[in-house]
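**Q** this one's structure only:
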């Protein structure tokens, strides 16, 4: 099974997909009346949403990271951690430079 592999590339891919799935779940739970592009526009331009929903979407990576660390698949966990840092920095930059 693909999730049992210990591979840096797998970690990078999972790290990219996790927060996107988290954001889509937030969209379906909190904003079902908006279309997805309106939700993304609102997300990008509202500082409170960037902080709260950006952090919540990163929780998907926390779960993945914990799973892979606890099963001693360290290469995959490194990839997930690296992408999580990149997402976190991107959220911070987006929040700081949002006008």
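**A** Nice, thanks for sending it over. Remember, it's a predicted structure, so these values are computed and weren't measured experimentally.
**Q** contacts only, for the residue positioned nearest the centre of the chain.
**A** Closest residue to the average C-alpha location of the chain: residue 19 at 2.0 Å, with C-alpha atoms, centre = their mean. Neighbouring residues of residue 19 by C-beta atoms under 8 Å, 6 or more residues apart in numbering: 57, 58, 60, 61, 84, 87. Backbone N, C-alpha and C define where each C-beta goes, glycine included.
**Q** where does the chain have low pLDDT?
**A** 1-2, 99 (pLDDT under 70).
**Q** for this structure, which segments count as helices?
**A** Assigned by DSSP state H, the chain shows helices spanning 8-30, 36-45, 47-70, 74-97.
**Q** what are the contacting residues of the shortest one?
**A** Right, helix 36-45. 23, 27, 31, 34, 49, 50, 53, 94, 98.
**Q** quick one: it to helix 74-97, angle?
**A** Interaxial angle of helix 36-45 relative to helix 74-97 (axes from the mean of the first three to the mean of the last three C-alpha atoms, to 10 degrees): 70 degrees.
**Q** what's the answer for the first one, then?
**A** Relative orientation of helix 8-30 and helix 74-97, computed by the same axes, to 10 degrees: 50 degrees.
**Q** thank you, goodbye.
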